[in-house]
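Asker: mind folding the following:
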Amino acid sequence: MSLAGVGNATTGALIAEGIISLFTSGGNKPATKNDIVNLLNKMNRYHKIKNLPLNIYSQQPYFDLTIGTVVYF
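Answerer: Next comes the predicted model:
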């Protein structure tokens, strides 16, 4: 094992990772913690439920993600 061999292996690994990174599209790269936080921030608290009828006061049903129940507005 020589210093030149270690240097060549390191250089080869860096070049290979660079090529992989260059040709990998953004959609195929792993998500970071910041990506997950941004996704959670974009999600609304209330999601409209389409397959439930209106209540007797003609209010639309929504699912509350925070408390996990159906509410009507």
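Asker: for the closest residue to Met43 other than its chain neighbours, grab the count of nearby residues.
Answerer: Nearest residue to Met43 in three dimensions, chain neighbours excluded: Leu65, at 6.9 Å (C-beta to C-beta, 6 or more residues apart in numbering). All C-beta atoms are positioned from the backbone trio N, CA, C, and that covers glycine. Leu65 has 13 neighbours, counted by other C-beta atoms under 10 Å.
Asker: and what of Val6?
Answerer: 10.
Asker: let me see the ranges of the strands in the chain.
Answerer: 46-48, 61-64, 69-72 (DSSP state E).
Asker: can the ones you listed go into CSV with extra columns for mean neighbour count and mean pLDDT?
Answerer: Below are these laid out as CSV (neighbours: other C-beta atoms under 10 Å; pLDDT from 0 to 100):
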stretch, mean neighbour count, mean pLDDT
strand 46-48, 12, 91
strand 61-64, 16, 93
strand 69-72, 12, 94
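Asker: what's the domain layout of the chain?
Answerer: 1-30, 35-73 (automatic domain parsing).
Asker: tell me the most buried of the ones you listed?
Answerer: domain 35-73 (a mean of 10; mean count of other C-beta atoms under 10 Å).
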